[in-house]
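# One predicted model, sequence on top.
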Amino acid sequence: MLTHEELLAAIPNCLDSTNFAGLGEKYEGKVRDVYVQNGRRVLVTTDRVSAFDRVLGLIPYKGQVLNQLSAWWFEQTADLARNHVISVPDPNVTIAHEAQPLPVEIVVRGYITGVTKTSLWYLYEQGDRQPYGIQLPDGLQKNDPLPQPIITPTTKAEKGGHDERLTEAEILEQKLVGADLWEEIRETAVSLFKRGQEIAAKAGLILVDTKYEMGLVDGKLTLIDEIHTPDSSRYWLADSHGDEPENYDKEFMRKWYAAQGYRGDGTPPTMPPGFIAQIAARYLATYEKLTGTTFAPGAQPAVERIRENLTQRRGGAEG
């Protein structure tokens, strides 16, 4: 893995935003820039990182870790679910099918944890034994494994907003998703999560919970966005499980902000370079533990390579 000194030296070169003329209209999200062209989405994962629903900093190589790790996970789960990836021509870039996103995001949880007012543990601690409409047994303690993975659906939050809690009954009553499609979504999400847990366990990690974003491509259920990365999932180091497990995801950063007394309101404190390097090391370590390969930083994204890949893929076979 890159040394602390190498990570410190990379901080000034973080990829904050992109401007690729000729790649179509640009949409800027929390952590990536998206270009849409001829039914294709060019997803450029930057080094921006968010916490408490706000963009709060830049972490070197975070974008490359998320882009490459998510592409790796799509390969590991290709037998369970189709995904939107056409090609990954660059360490920062994925070219994907333009999908019709579903209005519901799927959070699968294997442990009862969390600190926000919508978290499973907070609701349970307040006496709610049926959070998200799911019956939970008495006697659970914070960070305990759940008897089986559970799904806590949410609406897709707008930038700067919060996810809305949903129950399965509300999804069907509001006709957000049809009954047959919802059943397919549930089965797919649970199978993906179990595969993720198995692979994480072999790597010395615990996949605690994760969020899946799904959509329709040609009317068929398709995984979109990213999966099982340190931004979309919560990972604990396996031998640290307990009251204060060691995070290998962006929760490591959130805990630092909370320790400074910041929880999302007002101006956030500035992260010192040494701590930024520590966060980067966690992202890289998660990548290396899961894939079994050493992270090798790539070049900044090149618009010429992206254009060439788009041209080649328009008339050829697609995954």
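That came in fine, so what should we check first?

# CA atoms for contacts and neighbours, from now on please.
Will do.

# quick one: average pLDDT of stretch 122-129?
For stretch 122-129, mean pLDDT is 94.

# what's the span of that stretch from first residue to last?
This stretch, stretch 122-129, spans 11 Å end to end (CA to CA, to the nearest Å).

# Tell me the buried residues in it?
For stretch 122-129, burial by neighbour count (16 or more other CA atoms under 10 Å) applies to 122-124, 128-129.

# Val36 contacts Ala21, doesn't it?
No. In this structure Val36 lies outside contact range of Ala21 using CA atoms under 8 Å: 12.0 Å.

# So which of the two has more stuff around it?
Per other CA atoms under 10 Å, whichever of Val36 and Ala21 has more neighbours is Val36, with 18 against 10.

# name the helices or strands packed onto the helix or strand hosting the more buried one?
Element membership of Val36, judged by DSSP states H and E, is strand 32-37. On a contact count with 3 or more CA pairs under 8 Å, 6 or more residues apart in numbering; DSSP states H and E, strand 32-37 meets strand 25-28, strand 40-45.

# coming back round to it: reformat the buried residues of stretch 122-129 into a markdown table and put distance to Pro149 and secondary structure next to each item.
Formatted as a markdown table, these follow (distance: CA to CA, whole Å; DSSP: H, G, I helix; E, B strand; the rest coil):
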| residue | distance to Pro149 | secondary structure |
| --- | --- | --- |
| Tyr122 | 18 | helix |
| Leu123 | 17 | helix |
| Tyr124 | 16 | helix |
| Asp128 | 18 | coil |
| Arg129 | 16 | coil |
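
# and which of those is nearest to Glu244?
The nearest member of those to Glu244, counting by CA to CA, is Tyr122 at 15.8 Å.

# Tell me if I am right that Pro12 is in a helix.
Yes. Assessed with DSSP: H, G, I helix; E, B strand; the rest coil, Pro12 lies in a helix.

# so how many other residues sit close to it?
Neighbour number of Pro12 under other CA under 10 Å is 12.

# which residues sit in contact with Val31?
45-50, 55 (CA atoms under 8 Å, 6 or more residues apart in numbering).

# do the same with Glu98
Residues in contact with Glu98 (CA under 8 Å, 6+ apart) are 36, 39-41, 84, 217.

# swap the cut-off to 10 Å and go again
Applying CA atoms under 10 Å, 6 or more residues apart in numbering, we find Glu98 in contact with 36-42, 84-85, 215-218, 224.

# So which residues of this protein form helices?
Along the chain, counting by DSSP state H, helices occupy 4-10, 62-76, 120-125, 168-173, 179-202, 251-259, 273-291, 303-314.

# Can you show me the CA trace of the fifth one as CSV?
Coordinates of each C-alpha in helix 179-202 appear next as CSV, following Å, rounded to 0.1, in the frame of the first residue of the first chain:
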residue,chain,number,x,y,z
ALA,A,179,-45.4,-6.1,-6.4
ASP,A,180,-43.6,-8.5,-8.8
LEU,A,181,-40.7,-6.1,-9.3
TRP,A,182,-40.4,-5.5,-5.6
GLU,A,183,-40.1,-9.2,-4.9
GLU,A,184,-37.4,-9.4,-7.5
ILE,A,185,-35.6,-6.5,-5.9
ARG,A,186,-35.8,-8.0,-2.4
GLU,A,187,-34.4,-11.4,-3.5
THR,A,188,-31.6,-9.8,-5.6
ALA,A,189,-30.6,-7.4,-2.7
VAL,A,190,-30.4,-10.2,-0.1
SER,A,191,-28.4,-12.5,-2.4
LEU,A,192,-26.0,-9.7,-3.2
PHE,A,193,-25.5,-8.9,0.4
LYS,A,194,-24.9,-12.5,1.4
ARG,A,195,-22.3,-12.8,-1.4
GLY,A,196,-20.7,-9.5,-0.1
GLN,A,197,-20.6,-10.9,3.5
GLU,A,198,-18.9,-14.1,2.3
ILE,A,199,-16.2,-12.3,0.4
ALA,A,200,-15.6,-9.7,3.1
ALA,A,201,-15.2,-12.4,5.8
LYS,A,202,-12.5,-14.1,3.7
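
# Now do it and helix 273-291, the angle between them.
Angle of helix 179-202 versus helix 273-291, following axes from the mean of the first three to the mean of the last three CA atoms, to 10 degrees, is 100 degrees.

# Identify each buried residue in helix 179-202, please.
Neighbour-count burial for helix 179-202 [16+ other CA under 10 Å]: 182, 185-186, 188-190, 192-193, 195-197, 199-200.
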